[in-house]
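Peer 1: quick one, fold the following:
(one chain, ligands or ions: 1)
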Amino acid sequence: MPRITVISADGTAQTVEAKPGDSVMQTAMAHGIDAITAECGGAMACATCHAYVADDWADRVGPAGETEADMLEFAACEVKPTSRLSCQITVSESLDGLVLHLPEAQV
Ligand code: FES
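Peer 2: Sure thing, here's the model as predicted:
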């Protein structure tokens, strides 16, 4: 199973196993990572699953799509070029080792 590392704003890193086909948001929620709140449940309607893809993963994960980028404008924290809604990143074997940083707040 691919492993994903999520680093909270305070620097705490958590590496979790992810199921291919799930979203990164679903993976985080399943492992109790509460710095992702995901209020809309993955419907791309809230921006409370905001995450920053680590720079060296940005090309492989790709940028936010147009609708996703529009929704990111509602994110509570600074939006960076590597910002994504974690509910829109689908886990696959090719993302084994993915590293994400979380913003200080989601709301
Ligand atoms: S969970 Fe609401 S936009 Fe991702």
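Peer 1: show me the contacts for the residue nearest the centre of the chain.
Peer 2: Central residue of the chain (CA atoms, centre = their mean): residue 86, 2.9 Å from the mean position. Contacts for residue 86 (CB atoms under 8 Å, 6 or more residues apart in numbering) come out as 23-25, 28, 36, 38, 49-51, 100. Any C-beta I mention is one placed from the backbone N, CA and C, and that applies to glycine too.
Peer 1: again, but for residue 33
Peer 2: Contact analysis of residue 33 by CB under 8 Å, 6+ apart lists 6, 8, 14, 16, 102.
Peer 1: that one belongs to a strand?
Peer 2: No. Going by DSSP: H, G, I helix; E, B strand; the rest coil, the assignment for residue 33 is coil, not a strand.
Peer 1: quick check: the gap between it and the ligand.
Peer 2: According to CB to the nearest ligand atom, to the nearest Å, residue 33 and the ligand sit 13 Å apart.
Peer 1: and what of residue 94?
Peer 2: Residue 94 is 21 Å from the ligand, by CB to the nearest ligand atom.
Peer 1: you'd agree that residue is up against residue 60?
Peer 2: Yes. Residue 94 lies in contact with residue 60 (CB atoms under 8 Å); the separation is 6.9 Å.
Peer 1: run through the bridge partners of the closest residue to residue 80 other than its chain neighbours.
Peer 2: Excluding the flanking residues, the one nearest residue 80 by CB to CB, 6 or more residues apart in numbering is residue 52, at 5.8 Å. Beta-bridge partners for residue 52, by DSSP bridges, are residue 83, residue 101.
Peer 1: in contact with residue 52, which residues?
Peer 2: Residue 52 touches 80, 82-84, 100-103, counting by CB under 8 Å, 6+ apart.
Peer 1: quick one: those residues as JSON lines, columns for distance to the ligand too.
Peer 2: Below are these laid out as JSON lines (distance: CB to the nearest ligand atom, whole Å):
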{"residue": "80", "distance to the ligand": "17"}
{"residue": "82", "distance to the ligand": "16"}
{"residue": "83", "distance to the ligand": "12"}
{"residue": "84", "distance to the ligand": "9"}
{"residue": "100", "distance to the ligand": "13"}
{"residue": "101", "distance to the ligand": "16"}
{"residue": "102", "distance to the ligand": "13"}
{"residue": "103", "distance to the ligand": "13"}
